[in-house]
Structure formats: C-alpha cells, structure tokens
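Colleague: structure of the sequence below:
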Amino acid sequence: MTMLAELVEVVIGVDTHSQTHTAAVLDARTGGVLARATVPADPDGYAELLALAEEHAGLRAWAMEGTGGYGAGLARHLADREELVVELDRPKRPARKAGAKSDPIDAERAARDALARTQLAQPKTGAERAALQMRLTARRAAVEAATAAQRQLLAMVITAPESVRGRFRGQTTRAMISTAAALRPGASKADVETVTALTVLHDLARRIRFLEAEALGHEKAIRTIVRSWRPDLLDLTGVGPIVAATVLTAWSHPGRCRNDAAFAMLAGTAPIPASSGKTVRYRLNRSGDRQLNRALHTVALTRLQRDERTRAYADRRRAQGKTDREIKRCLKRYIARELYRRLESPPVAA
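Modeller: Got it, this is the predicted structure:
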C-alpha cells in the first residue's frame, strides 16, 4: 500500500497542548528536520504555523494527535483551508520511557510516525458531529450526576431518624424522590438531626429533578440534530436518538473508515484471532471506542427482545453450540456492518 512519504514532500508534526503547539517540519524523502516552532494555541498561532509551512515548497501533510482535544482548534483551522491532516494515536508509553521526552521531540515523532503509515486516519469533522458530541457529553454527565444523587438519597434515607425514614418505607426510588421533593424542612420543629435530614433529602430530590430535566433537554436536542442529518438511522430496529448520535460522532463522515471491518475495529467488535494448533477461537476485543461499542450492544439487546429474525438467528446459533455471549458478539459485528453500509450511502430523501 502507498505510504504517506510517497504522496507528499513535507510533513509537519504537531505536539498539541492547551496553551501552545509545537511543530516540526520534516522532509518526507530524507526525514530531516527543516524547521521547528512553538506557537500559541490561538488563531494567530495557527496562522504562524501555516506561514511556516508555506516556506517549504511542495505537497504537505499535517500529523497530529489530539485532534478532538487540544488540537481541535488547529485541526478545524487547517480543515477550513483544505490542508491534509493525519490523525495519530497516542504514542506508546514504553517507547517514550526508552527515549527522551520534549515537545519538539514529540512533534518530530508525530511526523515520522505518519511518514511510515500506509493507513491514514482522518480527523473527525462536521458541525453536526461536533454539536452531537457536545450534547452527548453534557447529557452523559447529567445522567451520571443524577444517578449519583439518587444513590446518595437512598443512603441518606437508610441512616435518617425513624421519624424521617418512616415516610419513605416501602416506596420505589421514583416515589422516594417525589416524597423528598415534597418535604418542608423549614416547617419542622424537630431536633437538629431531623431537620438536617429533611433539608438534605429535599435538596437531593431537587438536584435529581434538575439533572433529569437537563438530560431530557439534551436528548430532545440530539433527536432534532439526528433527524435533520441522518433520519434514516432512526428507521433501524433498536436505533434511537442516543444510539444514532453515538454512531454518527464516531463515524463522522464518509470515507473516514475505509471499510466495514475498520468500522468494526473502531467499535471494538472485530474478532481477534486467538487460535493455536487445531483449536480455532477468537478473543474478546477490548479496544476501540467504548461508547460506540456500548451503543451497538444496546441495539443487539433490543433486537434480541423485539426482532423475530434476530431471535431466530440466536436460536440457530445456540443450537450450534454458541453461548449467549458469543451470539451477542456476532450480532454486534453484523450490526456494525449494517450501520457502516447505511452511513456510507447518502440518506434517501423523504
């Protein structure tokens, strides 16, 4: 396969940080360092890096890690100017421990790593994808905080004085939240422990409801974006707005994943051969985007419950000696292929 060194004359490796970016310009033919620079991580700094790159004639590519984090601004700036950007994985820590470590050295390593590659990863792009990513992150944080607050409320009820605990006895979690929200600590003339318990439980219930409302607002916004971008995903069995948004943020745009096998590897659903001798088996893939993997797992579970074809497939594989866990792994691989093919095809106009 063609390596990056055969396509360009210059590679600019960039080591990204929150306040500064360090770049190293390398000759693609010799690997020699042509220039180095450290600039602020702002539009003026991005323009300075482009000016540095313009000083060296020929086709060029940018190699950087963290295009979705510290390097997001630079990656967006370069994409707007139609520059070729190669996304790199995080460097292996053993290699770092064996050698020197500095920003200029890391920038050179990024460029040399890109030069040796035959498969070039593209950064995630697109306004819709970025909007979905922000909404998903905010919703996930709200859901996790609401869950933590629920656990705190249940623990507080257990340790509260009997006069308070008795009001919650036999109730479900949702009923306990409603009961706690209806408490009026200021009207109580009890001892300080009881008043404090009433106050804390009331505040926890209000926090839970606020966070749940925030999460619901994010979910509605996510549904709106998905429907305007790829409504066809919502027609698939088991794919709701959160699953669709997770898949879209990982996929990003056509061509980012070269085929369905690469998309399955990104999702951590590609089987890893672990055969030896006459024993043929596969190891569980624990790499990849775990949020995407979780989304595919949700689709598989939903189809096992509601889809007749999926249940028939599971019964057939179970008769062949497959365990339920192995069947789910197979289903997730098939779902990854189905989603990839749907995403790579333009949506059908309604």
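Colleague: which SSE is H56 in?
Modeller: Element membership for H56 (DSSP states H and E) is empty, with no helix or strand holding it.
Colleague: report how many residues lie close to the residue nearest to it when sequence neighbours are not counted.
Modeller: Nearest residue to H56 in three dimensions, chain neighbours excluded: V10, at 4.9 Å (Cβ to Cβ, 6 or more residues apart in numbering). No exception for glycine: its C-beta is placed from N, CA and C like everyone else's. Neighbour count for V10, taken as other Cβ atoms under 10 Å: 21.
Colleague: isn't V10 up against L34?
Modeller: Yes: taking Cβ atoms under 8 Å as the definition, V10 is a contact partner of L34 at 7.2 Å.
Colleague: rewinding a little: just the pLDDT for the residue nearest to H56.
Modeller: Note for V10: predicted pLDDT of 93.
Colleague: state the next helix or strand along the chain beyond the helix or strand of the chain with the lowest mean pLDDT.
Modeller: In the chain, the helix or strand scored least confidently by mean pLDDT, DSSP states H and E is helix 93-98, which has a mean of 50. Where DSSP H and E defines the elements, the next helix or strand beyond helix 93-98 is helix 103-115.
Colleague: which strands or helices does the next helix-or-strand element following that next one pack on?
Modeller: Next helix or strand after helix 103-115 toward the C-terminus (DSSP H and E): helix 127-159. Helix 127-159 sits against helix 162-165, helix 173-181, helix 192-229, helix 241-251, with contacts defined as 3 or more Cβ pairs under 8 Å, 6 or more residues apart in numbering; DSSP states H and E.
Colleague: quick check: buried residues in the shortest one?
Modeller: Counting neighbours by 16 or more other Cβ atoms under 10 Å, one finds that the buried residues in helix 162-165 are V164.
Colleague: over to the third one?
Modeller: Along helix 192-229, the positions that meet the burial threshold by neighbour count (16+ other Cβ under 10 Å) are 194-198, 200-205, 207-209, 211-212, 214-215, 218-219, 221-223, 225-226, 229.
Colleague: how is this structure carved up into domains?
Modeller: The chain breaks down into these domains under automatic domain parsing: 4-115, 127-229, 232-344.
Colleague: which of the ones you listed sits closest to A121?
Modeller: Evaluated over the domains of the chain, closeness to A121 peaks at domain 4-115, with 4.3 Å, by Cβ to Cβ.
Colleague: tell me how far the closest one lies from the chain's centre.
Modeller: Mean-position distance between domain 4-115 and its chain equals 23 Å (Cα atoms, centre = their mean, to the nearest Å).
Colleague: that one: end-to-end distance?
Modeller: 5 Å (Cα to Cα, to the nearest Å).
Colleague: coming back round to it: find residues that contact each of V10 and L34.
Modeller: In terms of Cβ atoms under 8 Å, 6 or more residues apart in numbering, V10 and L34 are both contacted by the residues V25, L26, D27, H56.
Colleague: for the residues you listed, which one is nearest D103?
Modeller: Of those, the one sitting nearest to D103 (Cβ to Cβ) turns out to be V25, at 14.4 Å.
Colleague: surely that closest one forms part of a strand?
Modeller: Yes: judged by DSSP: H, G, I helix; E, B strand; the rest coil, V25 forms part of a strand.
Colleague: ok, it touching L34?
Modeller: Yes: counting by Cβ under 8 Å, L34 is a contact partner of V25 at 4.4 Å.
Colleague: who's more crowded, the two?
Modeller: Between V25 and L34, counted using other Cβ under 10 Å, the more crowded position is V25 (23 against 15).
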